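Asks: Sequence plus the predicted model coming up.
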Amino acid sequence: MGSQGSGDGAVRSGHWLGAALLGAADLLMPPLCPACRTAVGAHDRLCPACWSRLRFIERPFCPVLGVPFSADLGEAIVSAEALADPPPFRRARSAVLFDETARLLVHQLKYRDQPGAAGIVAALTLRAARELADRADLVVPVPLHRFRLWQRRFNQSAEISARLAAGLGLEHAPMALMRTRRTRQQVGLNARERAANMRGAFCVRERFRPLVAGRQVLLVDDVYTSGATIKAATKALLRARAESVDVVTFARAGIDPLG
């Protein structure tokens, strides 16, 4: 009995010490909303104002590209974009539209001004990813070129994908895809120039080809813009004999609800 009592005391002491350390950390670095830096009740949370400004992508939407419709046109109706230019991936989903609040979160995540943004972005992306999880068994992030990775010291897409894989109980392969060349910035390029810029920019590393072959891959990125990056990465996975590729991103840029 005495030894059990001592053990219980040690546990209580450990809990007390942990709580004290967390309290001291909050005093030194009080929890702030990673989007607007307003004080919040706990880390990894948005303030109510920023949360209310997020524009979540909900049904009805295109079953292929995930772009929202302004009216329910039926589950079999796909967007004109998907019909005119069928993507190499099976399905794409995004959690929110890329508005000002989403842009601030992505900026904080990319440049690590506010590391707490990673938890929020991943949690929201997980909501969109759950629909794709029943037909996925491997999670792969879109990689950065090694020079950009050296500049930033981390890959924001891998930060998201690691949390998604853990949350969905899927295997994570953060090193499977490699960026083979340093591409131009996509900003300011039209759709054709973006596609040309990304052509052949990715490959699956040789040692990961057996892991990818025959698998249903969930490809993860932070923002879906023109789709050029996502499509190029998807094609690299399919060349490595992935059975299929679904795509999930935190935000979707350049769209308004279609009707």
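Replies: Right, received. Where do you want to start? Residues are numbered from 1 along each chain as shown.
Asks: Every contact and neighbour count from this point should use C-alpha atoms.
Replies: OK.
Asks: So which residues of the stretch 51-200 of the chain form helices?
Replies: Secondary structure of the stretch 51-200 of the chain (DSSP state H, counting those that start in this stretch): helices located at 80-84, 100-111, 117-129, 146-152, 156-168, 191-198.
Asks: Could you tell me the least trusted of those helices?
Replies: Lowest mean pLDDT within those: helix 146-152, at a mean of 58.
Asks: for the protein, where's the lowest mean pLDDT among helices and strands?
Replies: Within the chain, confidence by mean pLDDT, DSSP states H and E is lowest for helix 2-28 among all helices and strands, at a mean of 47.
Asks: if we can go back for a sec, do you know which of the helices of the stretch 51-200 of the chain lies nearest residue 32?
Replies: helix 117-129 (10.2 Å; Cα to Cα).
Asks: between the closest one and helix 100-111, how big is the angle?
Replies: Orientation check (axes from the mean of the first three to the mean of the last three Cα atoms, to 10 degrees): helix 117-129 against helix 100-111 gives 120 degrees.
Asks: Could you dump the helices of the stretch 51-200 of the chain into a markdown table with distance to residue 58 added?
Replies: Listed next are the helices of the stretch 51-200 of the chain as a markdown table, based on distance: least, Cα to Cα, whole Å:
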| stretch | distance to residue 58 |
| --- | --- |
| helix 80-84 | 18 |
| helix 100-111 | 16 |
| helix 117-129 | 9 |
| helix 146-152 | 33 |
| helix 156-168 | 19 |
| helix 191-198 | 26 |
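Asks: Same list (the ones you listed) but as JSON lines, adding mean neighbour count and distance to residue 176.
Replies: Supplementary listing: the helices of the stretch 51-200 of the chain in JSON lines, determined by neighbours: other Cα atoms under 10 Å; distance: least, Cα to Cα, whole Å:
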{"stretch": "helix 80-84", "mean neighbour count": "12", "distance to residue 176": "27"}
{"stretch": "helix 100-111", "mean neighbour count": "20", "distance to residue 176": "21"}
{"stretch": "helix 117-129", "mean neighbour count": "22", "distance to residue 176": "20"}
{"stretch": "helix 146-152", "mean neighbour count": "13", "distance to residue 176": "14"}
{"stretch": "helix 156-168", "mean neighbour count": "21", "distance to residue 176": "11"}
{"stretch": "helix 191-198", "mean neighbour count": "16", "distance to residue 176": "18"}
